[in-house]
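Trainee: quick one: sequence and predicted model below, then my questions.
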Amino acid sequence: MPKFNDHQRQAIGEQFIDHARHLFTQFGLKKTSIADITTAVGVAQGTFYLFYRSKEELFLDILLLEERSVHASLSSFLNQSKMNRSQFRQFLLHSISLVENNPLLKWLYDADTMSAVIRKLSPEKQAELFQQDKDTMKSWIERGQAEGWITAREPDHIVSLMQALVLVALQKQQIGEDRYAATLELLCDCIAQGIIQEESADD
């Protein structure tokens, strides 16, 4: 088994991420083999296991990187001191747009793919998968509740509602191309009305 110095290990790890991201995007998890990944990187299959226990573990690492990229793109919204309903509606629509335009993140909501991933992950990795997105949104919700502009509902339930919105957004064909945009905007309006508290004109 080859031994690598720190520089070589970092370089090979980055190549695994880059090439696997391309393969997973093009073919999906099921149709991408470890041999496909190591061939693309130019290393022996045994080298793969110096970095990952399974292709599912590598897939998860890539998904987490994609999620962090999405969070960075949403930071301008999440860092606002206060959000009104119109801004929250734009935040929801922008979030959906990021998922729609990222073919890898769509796999997070594919039951067969995620079942295959979870079966191969350690309990610690499973927790990382489900907690990263939840923790980011939950802390933002709790801040908004403390400041009085997010409704006093259970934060976990609000996070679940926002995640469910993404599931709806992935059903474009079932909803109908001609109705999809208007349906999504109406749903975002309804969620904003229920989540964001605004002072009335009489207050």
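Mentor: Noted; the coordinates are in hand. Numbers count the residues shown, from 1 in each chain.

Trainee: just for this structure, where's the confidence low?
Mentor: 1-2, 126, 129-130, 132-133, 200-203 (pLDDT under 70).

Trainee: show me the contacts for Trp140.
Mentor: By C-beta atoms under 8 Å, 6 or more residues apart in numbering, the residues touching Trp140 are Leu78. Where you see a C-beta, it was placed from the backbone N, CA and C, and this is true even at glycine.

Trainee: correct me if wrong, but it is in a helix.
Mentor: Yes. Applying DSSP: H, G, I helix; E, B strand; the rest coil, one finds Trp140 inside a helix.

Trainee: just the helices in the chain please.
Mentor: For the chain, the helices defined by DSSP state H occupy 6-27, 34-41, 45-48, 55-78, 85-100, 111-120, 123-147, 155-169, 172-175, 177-195.

Trainee: ok, the residue nearest the centre of the chain to Leu74 distance?
Mentor: In the chain, the residue lying closest to the centroid (C-alpha atoms, centre = their mean) is Glu67, at 4.1 Å. Applying C-beta to C-beta, to the nearest Å, the value for Glu67 to Leu74 is 11 Å.

Trainee: cool, and Gln45?
Mentor: 38 Å.

Trainee: neighbour count winner among these two?
Mentor: Taking other C-beta atoms under 10 Å, Gln45 and Leu74 do not tie; Leu74 has more neighbours (17 against 12).

Trainee: for that one, which non-adjacent residue is spatially closest?
Mentor: Computed as C-beta to C-beta, 6 or more residues apart in numbering, the closest residue to Leu74 that is not its neighbour in sequence is Ser95, at 6.3 Å.

Trainee: list the residues that contact the one you found.
Mentor: Counting by C-beta under 8 Å, 6+ apart, Ser95 has contacts Val70, Leu74, Met162, Val166.

Trainee: I'd say Trp107 and Lys30 touch.
Mentor: No. Counting by C-beta atoms under 8 Å, Trp107 does not reach Lys30; the two are 10.2 Å apart.

Trainee: more neighbours, those two?
Mentor: Taking neighbours as other C-beta under 10 Å, Trp107 and Lys30 compare with Trp107 leading, 20 against 11.

Trainee: find the nearest non-adjacent residue to the more buried one, please.
Mentor: Thr113 (4.8 Å).

Trainee: next one: that neighbour from Ser54, what distance?
Mentor: According to C-beta to C-beta, Thr113 and Ser54 sit 14 Å apart.

Trainee: got it, and Arg68?
Mentor: Separation of Arg68 from Ser54 (C-beta to C-beta): 21 Å.

Trainee: appreciated, that's everything.
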